[in-house]
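Q: Model the following, please.
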Amino acid sequence: MSNMSMIIPYRKKGTTYQFLVKNETIVGWDQHPDLCGIAIAGPDEVMEKGLVDKLKADLGFVIEPSDFIHLGVCAMKRASEHICYLYAVDLTKRVELDESKMGDYLWAYDDKLMESIDSQLLACYARLRHLVL
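A: Next up, the predicted model:
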């Protein structure tokens, strides 16, 4: 079965948190880029490795699956058996990203993240806030 996994990297900035998200088009929604989570699709066996590879390829930083905080799963759609594995990773003391090389990625605060129409990102954020932060 081909499912999806999503990760929400975060860092503490002062007294609040910032979340690493991406501006991209949501397939089947519209042609306007929206705030989305960092996600991959594929077989269940390679979900964590796929996220590690994506973060390294897109942003140039290395994390290990052992650094992941597991946040559970959520359904992709009501009428589907596909699920999304949810993860987070704390980058507070680990990574300084070169802002000029982030491309479509950006750091967002809570209020900006809550404007997203990406339901999996919102589920990931809610779980992170409830279970970890």
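Q: any chance you could map the helices in the chain?
A: For the chain, the helices identified by DSSP state H occupy 47-59, 110-113, 119-131, in order along the chain.
Q: now for the last one, which elements pack on it?
A: Secondary-structure packing of helix 119-131 (3 or more CB pairs under 8 Å, 6 or more residues apart in numbering; DSSP states H and E): strand 2-13, strand 69-75, strand 83-90. All C-beta spots, glycine's among them, are computed from the backbone N, C-alpha and C.
Q: Repeat that for the first one.
A: In terms of contacts (3+ CB pairs under 8 Å, 6+ apart), helix 47-59 is packed against strand 2-13, strand 38-43, strand 83-90.
Q: residues in contact with the closest residue to Leu20 other than its chain neighbours?
A: The shortest distance from Leu20 to any non-neighbouring residue, by CB to CB, 6 or more residues apart in numbering, is to Pro9 (4.1 Å). Taking CB atoms under 8 Å, 6 or more residues apart in numbering as the definition of contact, the neighbours of Pro9 are 19-20, 38, 55, 88-91.
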